[in-house]
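Undergrad: Predicted model and sequence below, questions to follow.
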Amino acid sequence: MYVRVKTTKNSPRKSIQIIESRRRGETVSQKIIRHVGIATTEEEERQLVLLAESIIRELKEKRQPSLPFPSSPIPRELPLTKPHPVDLSSVWNYGSMVEGIPEIASTIFFDLSLDHIFGRGSRGRGKTLTFLSLLIGRI
């Protein structure tokens, strides 16, 4: 959104408008959001432009409100201490378990015997795995 000051060729009056540009493909269209007023002097124009800018701020705040920031930093309950050095060579991964939507979907896929849709050969397995990947990607 922006403020547009539109003048007429043979008139000293100036229209102050709030405009929003929209792009649809290759074309750009402009929509008048609000007509703020008509100015006949430079002082009126300046005041109407300031008013239009404050209206734009209000409209943007209504469309997408900003998050409130705390005035002071959030106090920590624990005091900050120096980190303890960790020897990563002594860390072992004994196993991990990940279950989410892809794992559940593939389990259902194989439980319903959909893994033999394209046949049991090597090409069929490849097509089936591709189909399963596409199916999981759509979820």
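TA: That came through fine.

Undergrad: how about whichever helix in the chain runs longest: buried residues?
TA: Of all the elements of type helix in the chain, the one with the most residues (DSSP state H) is helix 42-63. For helix 42-63, the neighbour count (16 or more other C-beta atoms under 10 Å) marks Glu45, Leu48, Val49, Ala52, Ile55, Ile56 as buried. Using the backbone N, CA and C atoms, a C-beta is placed for each residue, glycine as well.

Undergrad: How much space separates the last one from Ala39?
TA: It stands for Ile56. When C-beta to C-beta, to the nearest Å is the yardstick, Ile56 and Ala39 sit 17 Å from each other.

Undergrad: Dihedrals phi and psi, the most centrally placed residue in the chain?
TA: In the chain, the centroid-proximal residue (C-alpha atoms, centre = their mean) is Gln64; its distance is 11.3 Å. The phi and psi torsions at Gln64 (degrees, to the nearest 10) take the values phi -140, psi 90.

Undergrad: Next: Ile117.
TA: For Ile117, the backbone dihedrals are phi -60, psi -40 (criterion: degrees, to the nearest 10).

Undergrad: Need the pLDDT of the residue lying closest to it once chain neighbours are set aside.
TA: Closest residue to Ile117 apart from its sequence neighbours, by C-beta to C-beta, 6 or more residues apart in numbering: Thr128 at 6.1 Å. Note for Thr128: predicted pLDDT of 87.
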